[in-house]
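Enquirer: this one's structure only:
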């Protein structure tokens, strides 16, 4: 049973989502403000945070950033509109995924499960030896640890999952849609910006020079590829 | 523009017209004055010369010794002519058909005729290109009888070259030409000066107008002086300022409208979000609720979904209207995307596909999905099978056609089919859709800089074709 | 340039060049012809049928009768080459020329005055007029016949 921290200021939406998530079998902590949410976070650490961006007081982006700095907790954004500004800003602030209000409960449920799968449990691929060396990077697929030149790199669950997927087939180009299905488990038609934002964050953590990436390379017109080094 | 037309255009310009007017005025005045002056001076010179010559001749004739005998013989004629000639004038003494040598070879006949009238006469003639003055007179005799003088029969002619006079007059003419040339230069300078005074403000105004026309609403013309041009410049500035203000107002209103849309969407979606969140609960509990309550619960659940769809559609449409709709582009394999669309809605078995392999187009996948889903759902609902989706990639274009087997679109329906809330079959009062599906589909197509068209196929059925541009593609390019 | 403007330019140039320089003229008339004294003896012969004044070199003053004799002798060869003729008969033979106080001159000739042509009479009258100052009228007499008083048609 997973613990969900829900931060949403509108009472009706909060009540509705809490109801729906509880029926799905999650333990739900609901907070009305960002500050209360951070309190609850410390008091009862959840497995996943569902965060509304439009909050009174400290806004959703700030909360997102704070949660991100605290640890590798998966964050799903709740946004009332899917235009560029909010979604991109939210992804840059560190959110793993987003859903647009009004959201069908089963969609939210699917996203939560997907992101939980990313953070806990072993990798989706079985077979290759657990410890891989790619240049200065070392990837332990069993322990889900990535080190760069010996020092461990703190990756959010989605970032880690993305790296694992790409590095599982080095040199192979994966399109954004493919990555959305593999990593985010969006059944189809995900927002490709999720992939771009995640790649950006990943590069900032593992590349020597994000402007000239070596590990995660962009193949224009096709997608992304791990290496060649 | 060919050079002749350009030259003609230049010729009609303000500067050229001013230049021509000034030049014409200056030159014609100068020419007139100088011309009149010249003509008068020339006449005076000639008259003076002629009168002097006549007087000299007459005086000389009167100093001749008295005529002894007539007719004079050749020697006497020569003597007379010798007495009367000098360096400049050559005299010819004529008695009937006898004459002294020298001077002119032939005396002008009309002069000879005039001489017999008894007056001193003269005439200017041209001899071998040179002007020559010929004076002619009789010599009359006074007789001791006290009677009136009678012609002696002796005629004296004097021939004098007018070359010196020609020279002086020529010099006069040259001076007149020079005056004209100076006047021309002066006129041109004046014209340019005047032109600058007028054209400067005009050009300034034109520049400001151009800038305004290109969209720079801060363009203003410099106001110089107090004449009519300054008035025009001031009026322009006032107009531009009002325009700037109005456009500013409009822009502000537009951004306010957009914010309103955003606010409305939030307001609408929040209660809907709460309701949507619990539709699953309602659905689950509906079967456990007794009779009416269960039906009521299901009803609320269904309608909530519909309301959500309608609100989403409305917000999409309003975004198109306010211009806030944006494309989230990705490189999409068209065949894969279409197949995914069909698969997600469970239509894979009901729809035939003819899709190219490996055609990747840069577009917004969510919007493409919306378009295809709407077209296919319409085809499945309103049309007869077979429903098919055909995609065809061409250089620079991608066409996706969704067609059905009948009955097609009635001719009066065809032009209105993309209108908002237009439902072809009024018998179906409220169908699944919101009535905005096709309108949104076409807006999505146009957002990609493509279009969506509807037509009837032969022998039967309707075909909706989505046209999308592919700016990066080349002929034979698999991409 | 519009056609009208072009035309006006051409006209200007034409006018200007037409007035240029010294142009030939027609006959210009001035004052009366100069006069000079007649040194010789005036006689009146004819060119065709018009009276023409002719001068004969004068070595000494001549009597009127002598002048008439010159007249009756007719033009010299030189004068004849100048187309001068006379109708005064060679047998005029002037007898006497008298004048009274009021300038009436009486010319007595041997030839019958009635046979003289009017032109010849004019010749004689004019010659006498020029020969004698202050002549008022001239009468030709031969015997009982007379013609006159006459005055010279040429001048006064």
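Expert: That came through fine. Because the structure is predicted, anything quoted here is derived from the model rather than measured. Residues are numbered from 1 along each chain as shown, chains lettered A, B, ... in the order given.

Enquirer: show me the strands in the stretch 101-250 of chain B, by range?
Expert: In the stretch 101-250 of chain B, the strands defined using DSSP state E, counting those that start in this stretch lie at B:119-127, B:130-142, B:150-161.

Enquirer: dump those strands to JSON lines, plus distance to residue C:81, mean neighbour count and mean pLDDT.
Expert: The way it works is simple: take the backbone N, C-alpha and C, and place the C-beta from them, glycine included. Shown next, in JSON lines, are the strands of the stretch 101-250 of chain B (distance: least, C-beta to C-beta, whole Å; neighbours: other C-beta atoms under 10 Å in any protein chain shown; pLDDT from 0 to 100):
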{"stretch": "strand B:119-127", "distance to residue C:81": "28", "mean neighbour count": "20", "mean pLDDT": "89"}
{"stretch": "strand B:130-142", "distance to residue C:81": "20", "mean neighbour count": "22", "mean pLDDT": "88"}
{"stretch": "strand B:150-161", "distance to residue C:81": "14", "mean neighbour count": "23", "mean pLDDT": "87"}
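
Enquirer: mind giving me JSON lines with those and columns for distance to chain A?
Expert: Listed next are the strands of the stretch 101-250 of chain B as JSON lines, based on distance: least, C-beta to the nearest C-beta, whole Å:
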{"stretch": "strand B:119-127", "distance to chain A": "95"}
{"stretch": "strand B:130-142", "distance to chain A": "95"}
{"stretch": "strand B:150-161", "distance to chain A": "100"}
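
Enquirer: for residue B:340, which of those is the nearest?
Expert: strand B:119-127 (108.8 Å; C-beta to C-beta).

Enquirer: residues touching that closest one, excluding its own?
Expert: With C-beta atoms under 8 Å, 6 or more residues apart in numbering or on different chains as the test, strand B:119-127 has contacts from B:46, B:50, B:53-54, B:57-58, B:104, B:108, B:110-111, B:114-115, B:131-137, B:162, C:22-34.

Enquirer: does residue A:141 touch residue A:132 like I think?
Expert: Yes: counting by C-beta atoms under 8 Å, residue A:141 does reach residue A:132; the two are 7.1 Å apart.

Enquirer: the two: which has the busier surroundings?
Expert: Taking neighbours as other C-beta atoms under 10 Å in any protein chain shown, residue A:141 and residue A:132 compare with residue A:141 leading, 21 against 16.

Enquirer: what pLDDT does the more buried one get?
Expert: At residue A:141, the predicted lDDT confidence score is 81.

Enquirer: near chain B, which residues of chain A?
Expert: A:10, A:12-17, A:19-20, A:23, A:54, A:80-81, A:83-84, A:101-106, A:175-177, A:187-189, A:191-193, A:221-223 (C-beta under 8 Å from any C-beta of the partner chain).

Enquirer: filter the residues you listed down to the ones in helices?
Expert: Using DSSP state H, the subset of the residues of chain A next to chain B located in helices is A:12-17, A:19-20, A:23, A:84, A:105-106, A:176-177, A:192-193.

Enquirer: which among these gets closest to residue B:28?
Expert: residue A:84 (72.8 Å).

Enquirer: what sits against the most centrally placed residue in chain A?
Expert: Nearest residue to the geometric centre of chain A (C-alpha atoms, centre = their mean): residue A:96, 2.2 Å. Residue A:96 makes contacts with A:74, A:75, A:76, A:115, A:118, A:156, A:157, A:158, A:198, as judged by C-beta under 8 Å, 6+ apart.

Enquirer: now for the residues you listed: which two are most distant?
Expert: Within these, A:76 and A:198 form the most distant pair, 13.5 Å apart (C-beta to C-beta).

Enquirer: neighbour-wise, which of those two wins?
Expert: The neighbour count for residue A:76 versus residue A:198, taken as other C-beta under 10 Å, is higher for residue A:198 (26 against 22).

Enquirer: out of the ones in helices among the residues of chain A next to chain B, who's nearest chain C?
Expert: Nearest to chain C among those: residue A:84, at 63.4 Å, using C-beta to the nearest C-beta.

Enquirer: so residue B:360 versus residue B:342, what's the distance?
Expert: Separation of residue B:360 from residue B:342 (C-beta to C-beta, to the nearest Å): 19 Å.

Enquirer: more crowded one of these two?
Expert: residue B:360 (23 against 19).

Enquirer: show me where chain C has strands.
Expert: C:28-32, C:35-37, C:41-47, C:50-56, C:94-99, C:104-109, C:137-142, C:145-150 (DSSP state E).

Enquirer: can you map out the helices along the stretch 351-479 of chain B?
Expert: Assigned by DSSP state H, counting those that start in this stretch, the helices in the stretch 351-479 of chain B fall at B:365-382, B:437-447.

Enquirer: near chain A, anything from the shortest one?
Expert: If I follow you right, that is helix B:437-447. No: looking at helix B:437-447 against chain A by C-beta under 8 Å from any C-beta, there are no contacts, and the closest approach is 13.2 Å.

Enquirer: contacts for that helix?
Expert: Counting by C-beta under 8 Å, 6+ apart, B:313, B:316-317, B:320, B:325, B:327, B:364, B:367-368, B:370-371, B:374-375, B:377-378, B:417-420, B:422, B:451-452, B:466-468 sit against helix B:437-447.

Enquirer: weed out the non-buried ones from the residues you listed.
Expert: With neighbours counted by 16 or more other C-beta atoms under 10 Å in any protein chain shown, these contain buried members at B:313, B:316-317, B:320, B:325, B:364, B:367-368, B:370-371, B:374-375, B:377-378, B:417-418, B:452, B:466-468.

Enquirer: pLDDT wise, what is the closest residue to residue B:329 other than its chain neighbours at?
Expert: Nearest non-adjacent residue to residue B:329, counting by C-beta to C-beta, 6 or more residues apart in numbering or on different chains: residue B:362, 5.3 Å away. Looking at residue B:362, its pLDDT is 88.

Enquirer: correct me if wrong: residue B:362 contacts residue B:328.
Expert: No: at 11.1 Å, residue B:362 and residue B:328 do not qualify as touching, with contact defined as C-beta under 8 Å.

Enquirer: just the buried residues of the contacts of strand B:119-127.
Expert: Of the contacts of strand B:119-127, these count as buried by 16+ other C-beta under 10 Å: B:46, B:50, B:53-54, B:57-58, B:104, B:108, B:111, B:114-115, B:131-137, B:162, C:22, C:27-28, C:30, C:33-34.

Enquirer: tell me who's in contact with residue 38.
Expert: Using chain A here. A:63, A:66, A:67 are the contacts of residue A:38 under C-beta under 8 Å, 6+ apart.

Enquirer: could you do chain C instead?
Expert: Per C-beta under 8 Å, 6+ apart, neighbours of residue C:38: B:66, B:67, B:141, B:142, B:143, B:144, B:152, C:53, C:55.

Enquirer: beta partners of it?
Expert: Counting by DSSP bridges, residue C:38 forms beta bridges with residue B:67.

Enquirer: quick one: mean pLDDT over the helix or strand hosting residue B:57.
Expert: In the assignment (DSSP states H and E), residue B:57 maps to helix B:14-63. In this model, helix B:14-63 has a mean pLDDT of 85.
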